[in-house]
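Q: what shape does this take:
(2 chains)
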Amino acid sequence: MKRLVSLVVVFILLPVSAAWATELDELLEQSREAAYTAEQIISCSTPDGVRDAVVRIAQSNGEIRMTSTVAGDIEVSSGDGGWTLSRRGGVISSASVDSEEMTPVEPLYVVEDAGSAHFLGRVATVHQLIRDGVLRAELVFDDETGALVTATTFTTSGDTYCERRFVSFDPTDPVFETPDLLEAEALQPRSEVETLLPESVGGFDRLDIYEDEEGLRFAYYSDGFFSFAVFETPTTVALPDANPIQFGEGVYQRSFTAGQVTYVWETRSGGMALLGDLPPDLHESVLATLPPPEDPGILRRLWRSLFG
Amino acid sequence: MTHPSEMISAYLDGELIEYETSELLSHLVTCGRCSADLVEMQSVRAAVRSLPILELPAGLLPDTEAAVVPIHRNRGVWVGAAAAAVALIIAIASIVTPPPASISADDLSSRFGARASLDPAFSPAKVVVPVLGDLSE
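A: Alright, predicted model coming up:
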C-alpha cells in the first residue's frame, strides 16, 4: 500500500516539477526575444566592497549590446555564442563558441509567482527563484514585452548579492549602428578531452568543454540560473587589481566586477581561473572541488620564466 | 603583503632592516608559498656553497704557462664558481621574476561571455561587466 501511495505521489509531483522547470525557461526565453533599449544599474555587495556600474543595453533578435561606464566607450556585443569587446569600432577581445549539441540544464529552481508590480510606469510581474527551499533570486518581468527589467540575487543567508535594475526602458526595436565585429573562429564543444575539470562542481553540472589550439581548456557549469566557466591554462593568468584570498590551504587571487567574480591560481601544470556570476556563499564549496593552488616549484618556475 | 620574493632574497643576503625583517617573518608564518620559496632559495644557496673546490691535476697545464700566469692553476675553480654564480643568478631571477602571463583576464571573460550567451538564462540578469585589463591606446 505504501509503495502504491509513493508511486501516486511521484506521478503527481513529476508533472508539477516539469511545469515549474519549463516556466523559468519560458520566462527567460520570452525576455530574450524582447526588443528594447534600457539603462541598467548594477550594484553588487561583495566581500571586497561594493561594485557597481551603469550599463546601457540594447537588445534585438537575441543579441545584446551593452556599453558600460567602467571604461567609457567600451562596448560589448553578445549573443548566439559570440562575444566581442570593442572600442570605437576596434576589437579588443573576441570569442565565439558553437551552439550545436548544447547539453540541456537539469532544472533545479522552483519559480513562484510573487504578484504584480508597477515598474517604470508599466505593469510587471514578480517571480521568485527558489532552490532547495532557499530564495536565490527575484526577477521582475515587464508584462507587455516579457523583458526582464529587474533581477536581484541573494546569498543563502538572505543578503542581497547583486541588484540589477532598469532605470529607463524604451520598448522599441533598436537599430545597431555598428556592424557585427565578431572575429574569432568558433570553438567546438569537445566530447573527449583529457582534463582536470570535474563533471560536477559544488552542485553545478559541467555542460560542455572546449579546447583551443594553444591547449587552453575551459568548461561551462550551470545550475540553470547561476553559471561559471573554469579555465585550465598552460600559463598563468594576469588579473588586474586582484586581492589574495585563502580557502583551506590554498591562496587564490580574486577580483570582483559588477556582476562577475574572477579567481585565478597557479598549479603545477600552469594556471586555472574561474569566472562567473556565483554569489559569494558558493565560492568556497565550488573551489574546494577543483584542483587546488600548488607551488609549481623552482624548476618549473625557472622553465616558465625562460621559455613561457 | 603579496608574495615578496625580492624581500626573501634580500633577507637571505642580510640586506633587510629590522622592521622589514620583522614584517617578512610575520608574513612567512602565514604564507606557505613564501615559506616554501625561502626553503628553496636557502637550499639553492647551500647547494652552490657545497660545490667542491677543484684542484687541477698536476701536469695538466704546461709548467711554463703556469709559471707565466699563476692564476691559471686555479682556472677550474674559477670556471666552476662562475658557472655556479650564473646558475644562482638564473635561479634567483626565476623566483623573483613573475612567470610570463600570456593569457589576459579579458580573453577569458570573452570566452565565458560567448558561452554564457548560449545559456537559456542569458539576459540582462546575466550581463556582466568584464574584467578590463590595460586598455590604454
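Q: can you tell me which helix in chain B is longest?
A: When chain B is parsed with DSSP state H, its longest helix is helix B:75-96.
Q: the next helix or strand after that helix close to chain A?
A: Counting by DSSP states H and E, the element after helix B:75-96 in chain order, helix or strand, is strand B:103-104. Yes: on the criterion Cβ under 8 Å from any Cβ of the partner chain, strand B:103-104 is in touch with chain A at B:103, B:104. The C-beta positions use only the backbone N, C-alpha and C, and glycine is treated the same way.
Q: what is strand B:103-104 packed up against?
A: strand A:237-238 (3 or more Cβ pairs under 8 Å, 6 or more residues apart in numbering or on different chains; DSSP states H and E).
Q: quick one: list the elements packing against the longest helix of chain B.
A: helix A:297-307, helix B:5-12, helix B:32-49.
Q: packing partners of the very next helix or strand once past the shortest one?
A: Just to be clear, that refers to helix B:5-12. Moving toward the C-terminus from helix B:5-12, the next helix or strand (DSSP H and E) is helix B:18-30. The contact analysis (3+ Cβ pairs under 8 Å, 6+ apart) places helix B:18-30 against helix B:5-12, helix B:32-49.
Q: check whether the shortest one comes near chain A.
A: Yep, that's helix B:5-12 we're talking about. No: using Cβ under 8 Å from any Cβ, helix B:5-12 stays clear of chain A, with a minimum separation of 9.8 Å.
Q: got the CA coordinates for that helix in PDB?
A: This file holds the C-alpha atoms of helix B:5-12, laid out as PDB (Å, rounded to 0.1, in the frame of the first residue of the first chain):
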ATOM      1  CA  SER B   5      60.100  37.200  -3.400                       C
ATOM      2  CA  GLU B   6      62.500  40.100  -3.600                       C
ATOM      3  CA  MET B   7      62.300  40.600   0.200                       C
ATOM      4  CA  ILE B   8      63.100  37.000   0.800                       C
ATOM      5  CA  SER B   9      66.100  37.200  -1.400                       C
ATOM      6  CA  ALA B  10      67.200  40.400   0.300                       C
ATOM      7  CA  TYR B  11      66.600  38.800   3.700                       C
ATOM      8  CA  LEU B  12      68.900  35.900   2.800                       C
END
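Q: what residues of it count as buried?
A: Residues B:5, B:7, B:8, B:9, B:10, B:11 are the ones in helix B:5-12 that count as buried (16 or more other Cβ atoms under 10 Å in any protein chain shown).
Q: now pLDDT and distance to residue B:35 too, for the residues you listed, in JSON lines please.
A: What follows is the buried residues of helix B:5-12, written out as JSON lines (pLDDT from 0 to 100; distance: Cβ to Cβ, whole Å):
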{"residue": "B:5", "pLDDT": "78", "distance to residue B:35": "12"}
{"residue": "B:7", "pLDDT": "81", "distance to residue B:35": "13"}
{"residue": "B:8", "pLDDT": "80", "distance to residue B:35": "9"}
{"residue": "B:9", "pLDDT": "80", "distance to residue B:35": "14"}
{"residue": "B:10", "pLDDT": "81", "distance to residue B:35": "16"}
{"residue": "B:11", "pLDDT": "78", "distance to residue B:35": "12"}
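Q: from those residues, pick the one nearest chain A.
A: Closest to chain A out of the buried residues of helix B:5-12 is residue B:5 (9.8 Å), distances taken as Cβ to the nearest Cβ.
Q: okay, now the domains of chain A?
A: Chain A breaks down by automatic domain parsing into domains covering A:2-170, A:200-307.
Q: what's the most buried one of the ones you listed?
A: domain A:200-307 (a mean of 20; mean count of other Cβ atoms under 10 Å in any protein chain shown).
Q: now that one, how far from the centre of its chain.
A: Chain-centre distance of domain A:200-307: 14 Å, with Cα atoms, centre = their mean, to the nearest Å.
Q: before we move on, the earlier item: show me which of the buried residues of helix B:5-12 is closest to residue A:189.
A: Lowest distance from residue A:189 to those (Cβ to Cβ) belongs to residue B:5, with 39.8 Å.
Q: right, and the closest one touches residue B:37 too?
A: Yes: Residue B:5 lies in contact with residue B:37 (Cβ atoms under 8 Å); the separation is 6.1 Å.
Q: rank the helices and strands packed on helix B:18-30 by pLDDT, which is bottom?
A: Per-stretch mean pLDDT for these is lowest at helix B:32-49 (a mean of 74).
Q: would that one count as contacting chain A?
A: Yes: for helix B:32-49, a contact with chain A is found by Cβ under 8 Å from any Cβ, at B:32, B:33, B:36, B:37, B:40, B:44.
Q: select from these the one having the most neighbours.
A: Counting neighbours by other Cβ atoms under 10 Å in any protein chain shown, residue B:37 leads the residues of helix B:32-49 next to chain A with 22 neighbours.
Q: for the chain, name the helix or strand with the lowest mean pLDDT.
A: Since no chain was named, I'll use chain A. helix A:2-33 (a mean of 57; mean pLDDT, DSSP states H and E).
Q: that's the other chain; I wanted chain B
A: For chain B, counting by mean pLDDT, DSSP H and E, that's helix B:63-68 with a mean of 53.
Q: mind saving the C-alpha coords of the helix or strand hosting residue A:111 as CSV?
A: Here residue A:111 is covered by strand A:110-119, with elements defined by DSSP H and E. Taking C-alpha atoms only, strand A:110-119 is exported to CSV below (Å, rounded to 0.1, in the frame of the first residue of the first chain):
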residue,chain,number,x,y,z
VAL,A,110,11.2,26.4,-8.4
VAL,A,111,9.6,29.5,-9.8
GLU,A,112,7.0,31.2,-7.6
ASP,A,113,4.7,33.9,-8.8
ALA,A,114,5.1,36.8,-6.3
GLY,A,115,2.4,39.0,-7.7
SER,A,116,2.1,42.1,-9.9
ALA,A,117,4.0,45.3,-9.6
HIS,A,118,4.3,48.6,-11.4
PHE,A,119,7.8,49.3,-12.7
